[in-house]
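Colleague: Got a predicted structure here, sequence first:
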Amino acid sequence: MGVRSTKSPACSNQPSSEQSIAMSKPQQHERTMQYQDELPSLPLPPLEQTLEKYIKSCEALLTPSELDHTKAVCHDFLHGVGPQLQAILQERADTERNWIEEWWETFAYLQPRYPSAININWYGVLPGNWGPRDMSQCEAASIFTHAILKFRKNLLEEKYPVEKMMGRPLCMYTYSRMFNTCVIPGEECDEMVSYPHDAKHILVLRNNCMWAVQVFGDNGEDVPLADILRQFELVRDEATGLFDLERYPPVSVLTSENRTNWAKARDHIMSLDDINKQSFDLIERALFCVALDESSASTYDEIARNCLLGDGRNRWYDKPFTLIIHENARGGLNGQHAWADALVVVRLFDYCIKYVNENFKAKFANRADLKPTLNLKPKRLDWVLDNAAYTAIECASAAVGKLIHNSDIATMQFNHYGSAFLKRYKLTPDFFMQMAIQLAHYKMHTRVPAVYETAHTRMFYHGRTETIRSLSKESLTFVKTMESNASDGAKWDALKTAIEAHKETLKDCLTGDGIDRHLMGLQIVAEMSGITPKPSLFTDRAFEASKKFLISTSNISGGPGASPIWGGFSAMYNEGYGVCYALQPDRINVSITCYHVCPETSAATFKRYLETALLEMVDLCLTRNVIYVGSSKI
């Protein structure tokens, strides 16, 4: 199983690690998918080049003797089985426009059996200038839904601007999977299915129950805002009025389970009655999900925790995204990662936030005038369940409860300065942030492990991501220099050197010369070829150590005109951290996650060290004689 589509395509990170993806100024008749066929194929890097870069990426992690051993292992691979494996990859690259696409989506997202709810999904916070006095929960849900549908219409009509980087068009393919898509669990491997764009409903979740809410008429016409609002209100009323015996158990919690367990439970429930098949079909074909949560999360920490996992019940984690609206009208989202990367969803909700901010006062100024004209009623999804289904749901509830209890999360709104200040010192904000994260970890743990930062490869056909190995010999020198009695000049020079090294690594990733996807491909073909013994490249300690990313990071700033949206994801390892950040001109929003199961990690403590690192590094900037126009936010 893998990736499947039942439709024709919907519309048929300046290389700074801001990876600035700019929206192009649309030329006349420029269509969203206009350049897809012209995009270059993803290149396969030369084997010797990848091995040289791999050795360099290990320098900060290994002792001199370990590094010598790894060099010898790479030499043996280059002059042994390596060229044979490279030839197999080259044949694949010669016949497929993106040689890693299927493997990446399968092995990174669809084949893993761990719960995707915490290991793959991510969350976002939707800041806005409204509150409960301005909009009710249902009003906020309806106007956001209205905005999402407008965005979707632009996509289907190919009016959404082509995103470009350095004037080059980027791949827009993943936008075609934004709606009417669902990951279907399988016992060994999941399947991502995109349905035709003929669904007329969204899925709404409230109080452990689900409803299909109609947003398009029988002939495809838009349902007015007033009628969408009325349906949300009917959902709330019905959910509130249900007695305990009238409520079904939370079938949705099964989506938070181990994927094999979820697949078996789904197959069993499907076999019980056609009513269940109809309910699953409505869920999986729905345009997207809206969760009307009963909590009134007020602080950013509360919003983040609720949007990442919540109670595990009021979500369908397999849909591309779920809009989450709290009782107090504060908004957030939960995103599934298999179909696209976060910046694609950031674009959608950046559009939505602007629309809501500009229109909610006018739309709801005179509530009495907002009268529904259609007699639409939400359809509550029914289930026929037996004892085995009840047991599966209870087990899933217990399992997700443990995940929630183990999750540690902290958010930081760093208001002392932002990207504008750093640019005056000719410092790329993202590179600066990467050094600050490593400095914070060194302060807290007296070491820096392998660090992952996401880079995109969307300059190529169906490009997704590549790994920036952020830890380098130069960055480790910088953090050690910062923690020493070295002069400010030496610290500044170390910072500039580390940033320059990071810049080169990012450039390689953006242009298809990264190493991690190439190494992954070599390992896959070695296993598929049945080579024994396993090549020593893949058994050498350095191979695992260099890709055990105990610090996993992502920058979702989105480049020029940075979006106010920010969010985060869970750490990749029990003893690791997940650090996601969004740089704005006057501030930096950060999400930090780790796990309580590890006594050495703490999200709150890491947050304090990160703030200290950012302040110390800006003090270093202020020692430089740099002339700039304007005032800082310090």
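Modeller: Yep, it's here. Numbering: from 1, shown residues only.
Colleague: residues of stretch 345-365 that come out buried?
Modeller: Of the residues in stretch 345-365, those buried by neighbour count under the rule 16 or more other CB atoms under 10 Å are 345-353, 355-356, 360, 363-364. C-beta coordinates here come from the backbone N, C-alpha and C atoms, glycine included.
Colleague: do stretch 322-330 as well
Modeller: Judged by neighbour count using 16+ other CB under 10 Å, the buried positions of stretch 322-330 are Thr322, Leu323, Ile324, Ile325, His326, Asn328, Ala329, Arg330.
Colleague: The second one and Arg587, how far apart?
Modeller: For Leu323, the distance to Arg587 under the criterion CB to CB, to the nearest Å works out to 25 Å.
Colleague: Once you drop chain neighbours, what's closest to the most centrally placed residue in the chain?
Modeller: Per CA atoms, centre = their mean, the C-alpha nearest to the average position across the chain is that of Ala342, at 3.7 Å. With sequence-adjacent residues excluded and distances taken as CB to CB, 6 or more residues apart in numbering, Ala342 is closest to Ile556, at 5.3 Å.
Colleague: quick one, what contacts the one you found?
Modeller: Ala342, Leu343, Val346, Ser563, Ile565, Trp566, Gly567, Cys580, Tyr581, Ala582 (CB atoms under 8 Å, 6 or more residues apart in numbering).
Colleague: Go ahead and confirm the first one touches Gln336.
Modeller: What that stands for is Ala342. No - under the criterion of CB atoms under 8 Å, Ala342 lies out of contact with Gln336, with a separation of 10.8 Å.
Colleague: what's the nearest residue to Tyr573 if we skip its chain neighbours?
Modeller: Nearest residue to Tyr573, sequence neighbours excluded (CB to CB, 6+ apart): Leu550, at 5.7 Å.
Colleague: With Tyr109 instead?
Modeller: Among residues not flanking Tyr109 along the chain, Ala338 sits closest, at 3.7 Å (CB to CB, 6+ apart).
Colleague: Helix, strand or coil: sort out that neighbour for me.
Modeller: Under DSSP: H, G, I helix; E, B strand; the rest coil, the three-state class of Ala338 is coil.
Colleague: these two touch, right, it and Glu105?
Modeller: Yes - the pair formed by Ala338 and Glu105 meets the contact definition of CB under 8 Å, at 6.2 Å.
Colleague: How about the secondary structure of the closest residue to Glu101 other than its chain neighbours?
Modeller: For Glu101, the nearest residue in space outside its immediate sequence neighbours is His462; the separation is 5.0 Å by CB to CB, 6+ apart. Classification of His462 by three-state DSSP places it in coil.
Colleague: With the one 4 residues further on instead?
Modeller: Remark: Glu466 carries the secondary structure label strand [criterion: three-state DSSP].
Colleague: is it in a bridge, and if so with what?
Modeller: The bridge-partner assignment for Glu466, based on DSSP bridges, gives Ala455.
Colleague: residues in contact with it?
Modeller: Contact analysis of Glu466 by CB under 8 Å, 6+ apart lists Ala455, His456, Thr457, Cys509, Leu510, Gly512, Gly514, Asp516, Arg517.
Colleague: ok, now Trp103?
Modeller: Taking CB under 8 Å, 6+ apart as the definition of contact, the neighbours of Trp103 are Met520, Gly521, Ile524.
Colleague: residues near the first one, how many?
Modeller: This means Met520. 17 (other CB atoms under 10 Å).
Colleague: do the same with the second one
Modeller: By the criterion of other CB under 10 Å, Gly521 has 23 neighbours.
Colleague: so what pLDDT did it get?
Modeller: As predicted, Gly521 sits at a pLDDT of 99.
Colleague: let's number from 135 now, not from 1
Modeller: With the count now opening at 135, the last piece we talked about shows up as Gly655.
Colleague: Now it: phi and psi?
Modeller: According to degrees, to the nearest 10, the main-chain angles of Gly655 amount to phi -60, psi -40.
Colleague: my guess is it meets Glu235, correct?
Modeller: No - the pair Gly655 and Glu235 does not pass the contact test of CB under 8 Å, sitting 11.1 Å apart.
Colleague: re earlier: who's in contact with the residue nearest to the centre of the chain?
Modeller: Trp256, Gly258, Gly469, Ser688, Ile690, Gly701.
Colleague: what helix or strand does the residue nearest to Met578 when sequence neighbours are not counted sit in?
Modeller: Sequence neighbours aside, Tyr743 is the residue nearest to Met578 in space, at 4.7 Å (criterion: CB to CB, 6+ apart). Per DSSP states H and E, Tyr743 falls inside helix 737-756.
Colleague: Could you tell me which ranges of the stretch 585-734 of the chain sit under the pLDDT cut-off?
Modeller: Scanning the stretch 585-734 of the chain for pLDDT under 70 picks out the ranges 692-696.
Colleague: Same question for the chain.
Modeller: 135-162, 377-380, 692-696, 759-768.
Colleague: now do 80
Modeller: 135-163, 262-263, 265-266, 377-381, 501-502, 692-697, 759-768 (pLDDT under 80).
Colleague: Okay, helices next: where are they in the stretch 285-434 of the chain?
Modeller: 359-375, 393-406, 408-419, 434-442 (DSSP state H, counting those that start in this stretch).
Colleague: nearest to Thr204, of the ones you listed?
Modeller: Each of the helices of the stretch 285-434 of the chain was scored for nearness to Thr204 using CB to CB, and the closest is helix 393-406 (34.4 Å).
Colleague: before we move on, the earlier item: relative to Pro383, which of the buried residues of stretch 479-499 is nearest.
Modeller: Each of the buried residues of stretch 479-499 was scored against Pro383 by CB to CB, and Val479 proved nearest at 29.9 Å.
Colleague: Thr456 versus the nearest residue to Thr308 once chain neighbours are set aside, what's the distance?
Modeller: Take Thr308 and drop its neighbours on the chain: the residue closest to it by CB to CB, 6+ apart is Ala474, 3.6 Å away. According to CB to CB, Ala474 stands 14 Å off from Thr456.
Colleague: Would you map the strands across the stretch 635-768 of the chain?
Modeller: Under the criterion DSSP state E, counting those that start in this stretch, strands of the stretch 635-768 of the chain are mapped to 683-689, 700-703, 711-718, 721-729.
Colleague: would you list those in TSV and tack on mean neighbour count and distance to Val518?
Modeller: Converted to TSV, these look like this (neighbours: other CB atoms under 10 Å; distance: least, CB to CB, whole Å):
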stretch	mean neighbour count	distance to Val518
strand 683-689	24	42
strand 700-703	27	36
strand 711-718	26	39
strand 721-729	25	38
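Colleague: right, and those strands - which one's nearest Ser430?
Modeller: With CB to CB as the criterion, Ser430 lies closest to strand 700-703 of these, at 19.5 Å.
Colleague: Which elements pack onto the closest one?
Modeller: Under the contact definition 3 or more CB pairs under 8 Å, 6 or more residues apart in numbering; DSSP states H and E, strand 700-703 sits against strand 256-260, helix 434-442, strand 711-718, strand 721-729.
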